[in-house]
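Q: Kindly generate the corresponding structure for this input.
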Amino acid sequence: MVEEAEDHLAYPSTTNWIDEMNGMEDEEWAMVQRKGNQFVVNDQPFYVNGFNTYWLMVFAADQSTRGKVTDVFKQAASVGLTICRTWAFNDGQWRALQKSPAVYDEEVFKALDFVISEAKKYKIRLILSLTNNWDAYGGKPQYVKWGKEAGLNLTSDDDFFAHPTLKSYYKAHVKTVLNRVNTLTNITYKDDPTVFAWELMNEPRCTSDPSGDKLQEWIQEMAVFVKSVDPKHLVEIGLEGFYGPSTLNRVQYNPNTYAQQVGTDFIRNHQALGVDFASVHIYADSWISQSISDVHLQFTESWIKAHIDDAEKYLGMPVVFAEFGVSTKDPGYNVSFRDTLINTVYKTLLNSTKKGGSGGGSLLWQLFPDGTDYMDDGYAIVLSKSPSTSNIIALHSTRLALFNSKCAWKCKWGCRKKSPLEFLYNDDL
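A: Numbers count the residues shown, from 1 in each chain. Just a heads-up that it's a prediction; the model follows:
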C-alpha cells in the first residue's frame, strides 16, 4: 500500500528504504511491547515517528467523509509515519459513540472498526485515547453532566476523578471499547496488534487538587483496571508532562509557574503500576508566548531532554512526545520556523535513539489530508502543500527505520548496508 502513495510527498528514495526496513508480512504484525526503556516488536527496537488526527472515527461515520481517513493514512505512510494517535471516544456529542452511559451508537462503533482496519492496511499502529479532560467530544465535563442528570450531587468537573459512579461510567466505557469485536476484521480490540497503546485520557488535569493526590489515585486505579481487561497492550496516561510537588527540583523546566498547580506530577504519575510509558506534550506557543521566537526552540529542546533524562533515571521506561506543533495563527509564524521546530524535536530525540535511550518517539499535532481545511485549528500539516516539512518528516522516518532494522541493530558496521547506516548519524538536515 505504501508504494501507491504519492511519490512527490516523500523524500527522494525514502519510501523504498522505509518499506524495506519496516516491511512486515501479516504473520509478523506483532504486538508492540516494552523492554526496559525501549519499545520492541519481535524483540527488535521500535522507535516511532507518528502523528495525531483526532477526528478519524467521526469522519469514518459519514460515507461522504470516510475517504479522508484512507487519505490521511496513505499520505502518512508515504513519509514513513508508523503511529497515529486518535480518539476512541465521543461522549454525548454530535455523532456520539457513547450517547449516554453504556449506550452506544453501533454505526459510530463500526466507524472506529473501519479506522482500525484501515490503519492496518497502511502498517500504521494506533494510540487510542479513551476520553478527554476538555469538553471537545464530551470528555470529563460530559461524564459530570451525566452524573448530575442521574441525581448525583456534583460541584466540579474534577468530581470525575473521585466520584464512584463517574468512575464506574468510565470503567464501563473502557471495558466496552477493549472488548469490542471489530466487525470488519473479526479481531477483538484487546487482541489486535494494530493498537499500539491505550491512553487513559487526553491531557488530564485536576486543578481542584494541586497536591496531585486526587489525580494520582485515579491514574493508579484506572491503569490497573485497563490492564485487568487487557494485559497485552501498552498503557499510557495522556499527560502533558508538567512537573509537580513531588519533584520541586524539576519545576524549573516547566514552561510557567501555573503548570505545577494543575494537579499533575510527571514523575510520580508515571510511577503508577500498569503505566508502560510516559507521555509529554510540547506547546511553547500556548504555554510561554504566542509570538514566535527562538525561546520556543530553546524551551522545546530543554523540555525534551529533561523528560528523556527522567524517563531513564527514575522511570526506566520510554517517553513519547505525543503532541507537538506550532500554529499558523501565531504572530510571526512562517513555514521555516515550523520546519526548524520539527527539526529541533527530531534531532533532540535522535540523540537519544543513537544511544538506545528512552526517547521513544514523537507525534506531530496534527496531520490533515487535502480538503479538510475547515477543521484546521492552526496546527494542521497538509503534506501535499508542505514539501519542505514532508521532506523533514520522511528523512526522520528513514533514520528511525534504519535504526530499527535488524541489520542496524545486530550487525551494525559489518554488513553491506554500512553506507545507509552512516546516514542515521549524519547531522546535516
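Q: Extract the C-alpha trace of the strand or helix carrying K214 and format it as PDB.
A: Following DSSP states H and E, one finds K214 within helix 213-229. Extracted in PDB, the C-alpha atoms of helix 213-229 (Å, rounded to 0.1, in the frame of the first residue of the first chain):
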ATOM      1  CA  ASP A 213      -3.300  13.200  45.200                       C
ATOM      2  CA  LYS A 214      -6.700  13.000  43.600                       C
ATOM      3  CA  LEU A 215      -5.400  12.500  40.100                       C
ATOM      4  CA  GLN A 216      -2.700  10.100  41.200                       C
ATOM      5  CA  GLU A 217      -5.300   7.900  42.800                       C
ATOM      6  CA  TRP A 218      -7.400   7.900  39.700                       C
ATOM      7  CA  ILE A 219      -4.400   7.000  37.500                       C
ATOM      8  CA  GLN A 220      -3.400   4.200  39.800                       C
ATOM      9  CA  GLU A 221      -6.900   2.800  39.800                       C
ATOM     10  CA  MET A 222      -7.600   3.100  36.000                       C
ATOM     11  CA  ALA A 223      -4.200   1.900  34.800                       C
ATOM     12  CA  VAL A 224      -4.600  -1.300  36.800                       C
ATOM     13  CA  PHE A 225      -8.200  -1.600  35.600                       C
ATOM     14  CA  VAL A 226      -7.200  -1.300  31.900                       C
ATOM     15  CA  LYS A 227      -4.500  -3.900  32.400                       C
ATOM     16  CA  SER A 228      -7.000  -6.200  34.100                       C
ATOM     17  CA  VAL A 229      -9.200  -6.100  31.000                       C
END
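Q: So what's the residue count around D62?
A: A count of nearby residues for D62, using other CB atoms under 10 Å, gives 12. C-beta coordinates here come from the backbone N, C-alpha and C atoms, glycine included.
Q: typed the wrong thing, it's L297
A: Look at L297: counted by other CB under 10 Å, it has 17 neighbours.
Q: which SS class is the residue nearest to it when sequence neighbours are not counted?
A: Counting by CB to CB, 6 or more residues apart in numbering, T344 is the residue found nearest to L297 once chain neighbours are left out, at 5.2 Å. Under the three-state scheme (DSSP: H, G, I helix; E, B strand; the rest coil), T344 adopts helix.
Q: now the one 3 residues further on
A: Of the three states, K347 takes helix under three-state DSSP.
Q: Bridged to P45, which residues?
A: According to DSSP bridges, the partner residues bridging P45 are V40.
Q: pLDDT averaged over the helix or strand just after the helix holding K214 - what is it?
A: As assigned by DSSP H and E, the chain's next helix or strand after helix 213-229 is strand 234-236. Here strand 234-236 scores 98 as its mean pLDDT.
Q: Okay, buried residues for strand 234-236 please.
A: Under the neighbour-count criterion of 16 or more other CB atoms under 10 Å, strand 234-236 has L234, V235, E236 buried.
Q: Averaged pLDDT, the helix holding K214. What do you get?
A: Mean per-residue pLDDT for helix 213-229: 98.
Q: For burial, what's the neighbour tally of the residue nearest to L297?
A: Number of residues near T344 (other CB under 10 Å) recorded here: 19.
Q: which stretches of the protein have low pLDDT?
A: 1-27, 406-429 (pLDDT under 70).
Q: Next, give phi and psi for K35.
A: For K35, the backbone dihedrals are phi -130, psi 100 (criterion: degrees, to the nearest 10).
Q: How many neighbouring residues does the spatially closest residue to it that is not a sequence neighbour have?
A: Counting by CB to CB, 6+ apart, K35 lies nearest to D43, which is 7.6 Å off, once chain neighbours are set aside. Residues near D43, counting by other CB under 10 Å, number 11.
Q: next one: the one 3 residues further on
A: A total of 26 residues lie near F46 under the criterion other CB under 10 Å.
Q: And the strands in the stretch 51-200 of the chain, which stretches?
A: Under the criterion DSSP state E, counting those that start in this stretch, the stretch 51-200 of the chain contains strands at 83-87, 98-100, 103-104, 125-129, 195-199.
Q: Now the phi/psi pair for the residue nearest to K35, please.
A: The phi/psi pair for D43 (degrees, to the nearest 10) is phi 70, psi 10.
Q: Return the distance of it relative to E28.
A: Going from D43 to E28 by CB to CB, to the nearest Å gives 12 Å.
Q: Check L297 too.
A: 39 Å.
Q: related to what we said a few turns ago, could the strands of the stretch 51-200 of the chain go into CSV alongside distance to H307 and mean neighbour count?
A: Below are the strands of the stretch 51-200 of the chain laid out as CSV (distance: least, CB to CB, whole Å; neighbours: other CB atoms under 10 Å):
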stretch, distance to H307, mean neighbour count
strand 83-87, 17, 26
strand 98-100, 32, 18
strand 103-104, 36, 12
strand 125-129, 17, 24
strand 195-199, 17, 26
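Q: Mind putting these into CSV with distance to L402?
A: Putting the strands of the stretch 51-200 of the chain into CSV (distance: least, CB to CB, whole Å) gives the following:
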stretch, distance to L402
strand 83-87, 17
strand 98-100, 42
strand 103-104, 43
strand 125-129, 19
strand 195-199, 20
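Q: Just give the nearest non-adjacent residue to R66, would you?
A: Excluding the flanking residues, the one nearest R66 by CB to CB, 6+ apart is A60, at 5.1 Å.
Q: what's near enough to touch that neighbour?
A: Counting by CB atoms under 8 Å, 6 or more residues apart in numbering, A60 touches R66, V69, A111, L112, F114, V115, E118.
Q: That one and V275: what is the separation?
A: Distance of A60 to V275, computed by CB to CB: 29 Å.
Q: And V144, by the same measure?
A: Relative to V275, and taking CB to CB, V144 is found at 25 Å.
Q: out of the two, which sits in the busier spot?
A: When neighbours are counted by other CB under 10 Å, V144 and V275 differ, and V275 comes out ahead with 25 against 21.
Q: separation between that one and H281?
A: As for V275, its distance to H281 is 16 Å (criterion: CB to CB).
Q: what's the answer for Q290, then?
A: Q290 is 16 Å from H281, by CB to CB.
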